[in-house]
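In: with the sequence up front, the predicted model follows.
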Amino acid sequence: MRTCIFCGERAGSREHLWPKWILDMVRPGRIGGFIGLSTGLEFEREFIVRSVCSACNSGWMSDLETANMPVMGPMIDDKSIALYENERGKIAAWALKTAMLMDSVTKAHVPLFYTEGERQALKESWEIPSATLIWMGRYLGRNDIGASSSRVNFRYGSDMAPTRVTTFILGSLLVQIMTMHPPARYRRHNILVTPKNGPWDQLLLEVWPCESLFRLYWPPLIPFDDSKTALDVSTLADRWHVGEQLSLRR
C-alpha cells in the first residue's frame, strides 16, 4: 500500500509535481531533466506524483500554493519584485515541498533522502530542515520548465555527509535547493562546502536561510541561459559535484 510521505496515511491523490497555476502561466510542451542517474528524461506536462494523500493535497499543500501565487508568479513571468523575510519563507517552503516530491519519485528503488521528521515538520509548520540552502536565479533560455535532482556524498575524514541537490526552472525563475545530512558529531559545527568556480554571487540570490530583515530584490544581476558557458543552467545543477572533502568552521 502506498503511504503519504508527509503524514503516513494511505496515498491515493494524484498530485501534480508542477501545479496547475504554474502550468497555466508557463504552458510548456514536454519537460526535460534528470533524476539521480536517469539523465535525458522527458516528462509529460501533467507529471503525476502518487506519494501524497488527498488530505495533504487539498489541505496544507493547497494553502502553500495559494500563499506563493502572488510571490512566485511575478518572477515566473520575469517581472521584478521585492521580497521580505515572510515571502522568502514561503518560497523556501514551496521549494522544499517540491524537492521532497521529486525525492519520492524513485522511492520504490532508492530510500527517501528527506527524513520522516523533516517531511512532517514541513507539513505542520512549513519548517525548513537545518543545513538547507536555497537560491534563486533568472533564466532566459529555451526551456519552459526543467528539473534535476541528485545526491552528492561529501566526506569529512572517515564520515560521510549525504546531500541532495534539486534544481528546477519555472519560466524565468530558477530555484536550487541543497540539503545536507551531516554526521551527528558535526551537527553543532558550521560546515563549509565550496562549489565549483563560477560567478554565483552575480547569478543567484540566497533565499534561505533568511538571516536579514532587509528586502531582497529579484532578478539578480546576470541571468542563466543555454550558452554552454559558465552561465549555462546545466552548470548550476552540476556545481556541487566537486569531490568529497568538507571543511568545518568552528
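Out: Nice, thanks for sending it over.

In: so where is this structure shaky, pLDDT-wise?
Out: Counting by pLDDT under 70, the chain shows low-confidence ranges at 13-16, 28-48, 107-109, 143, 156-157, 186-191, 212-213, 228-230, 242-250.

In: which one's the longest helix in this protein?
Out: Ranked by residue count and defined by DSSP state H, the top helix of the chain is helix 85-104.

In: who does that one touch, helix- and strand-wise?
Out: Taking 3 or more Cβ pairs under 8 Å, 6 or more residues apart in numbering; DSSP states H and E as contact, the helices and strands that helix 85-104 lies on are strand 48-52, helix 60-76, helix 116-125, strand 132-138, strand 145-156, strand 159-170, strand 173-180, strand 204-208. All C-beta atoms are positioned from the backbone trio N, CA, C, and that covers glycine.

In: these: which one's closest to residue 105?
Out: Residue 105 sits nearest to strand 48-52 of all the helices and strands packed on helix 85-104, at 6.5 Å, using Cβ to Cβ.

In: neighbours of residue 54, just the number please.
Out: The burial count assigned to residue 54 is 15, neighbours taken as other Cβ atoms under 10 Å.

In: same question for residue 78.
Out: 15.

In: with residue 155 instead?
Out: If you count neighbours by other Cβ under 10 Å, residue 155 ends up with 13.

In: ok, it touching residue 161?
Out: Yes - counting by Cβ atoms under 8 Å, residue 155 does reach residue 161; the two are 7.2 Å apart.

In: quick one, which of the helices and strands packed on helix 85-104 is packed in tightest?
Out: strand 173-180 (a mean of 23; mean count of other Cβ atoms under 10 Å).

In: between strand 145-156 and that strand, find me the angle.
Out: Angle, strand 173-180 to strand 145-156, by axes from the mean of the first three to the mean of the last three Cα atoms, to 10 degrees: 30 degrees.

In: in its sheet, which strands sit next to strand 173-180, and in what direction?
Out: strand 132-138 (antiparallel), strand 159-170 (antiparallel) (DSSP bridges).

In: distance to residue 224 added to the ones you listed, as a markdown table?
Out: A markdown table is the format used below for the strands paired with strand 173-180 (distance: least, Cβ to Cβ, whole Å):
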| stretch | distance to residue 224 |
| --- | --- |
| strand 132-138 | 5 |
| strand 159-170 | 9 |
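
In: wait, which of those is closest to residue 126?
Out: strand 132-138 (12.5 Å).

In: possible to save the helices and strands packed on helix 85-104 as CSV with distance to residue 9?
Out: Formatted as CSV, the helices and strands packed on helix 85-104 follow (distance: least, Cβ to Cβ, whole Å):
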stretch, distance to residue 9
strand 48-52, 9
helix 60-76, 13
helix 116-125, 11
strand 132-138, 25
strand 145-156, 24
strand 159-170, 24
strand 173-180, 24
strand 204-208, 28
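
In: for residue 222, which of those is the nearest?
Out: Per Cβ to Cβ, nearest to residue 222 of those: strand 132-138, 7.9 Å.

In: any idea which of the strands paired with strand 173-180 gets closest to residue 73?
Out: strand 159-170 (10.0 Å).

In: now the closest one, how far from the chain's geometric center?
Out: Its chain's C-alpha centre and that of strand 159-170 lie 8 Å apart, by Cα atoms, centre = their mean, to the nearest Å.

In: what do you get for stretch 110-129?
Out: Distance, stretch centre to chain centre, for stretch 110-129: 13 Å (Cα atoms, centre = their mean).

In: export only the CA atoms of it, formatted as CSV.
Out: Provided in CSV are the C-alpha atoms of stretch 110-129 (Å, rounded to 0.1, in the frame of the first residue of the first chain):
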residue,chain,number,x,y,z
VAL,A,110,16.1,4.2,-3.5
PRO,A,111,15.4,5.1,0.1
LEU,A,112,14.0,8.6,0.6
PHE,A,113,16.6,11.2,1.4
TYR,A,114,14.4,13.6,3.4
THR,A,115,13.6,12.1,6.8
GLU,A,116,10.2,11.4,8.2
GLY,A,117,10.8,14.2,10.8
GLU,A,118,11.8,16.7,8.1
ARG,A,119,8.7,15.9,6.0
GLN,A,120,6.3,16.1,8.9
ALA,A,121,7.9,19.4,10.1
LEU,A,122,7.3,20.9,6.7
LYS,A,123,3.7,19.8,6.8
GLU,A,124,3.0,21.0,10.3
SER,A,125,4.7,24.4,10.3
TRP,A,126,6.5,24.9,6.9
GLU,A,127,9.7,24.3,8.8
ILE,A,128,12.9,24.1,6.7
PRO,A,129,15.5,21.5,7.8
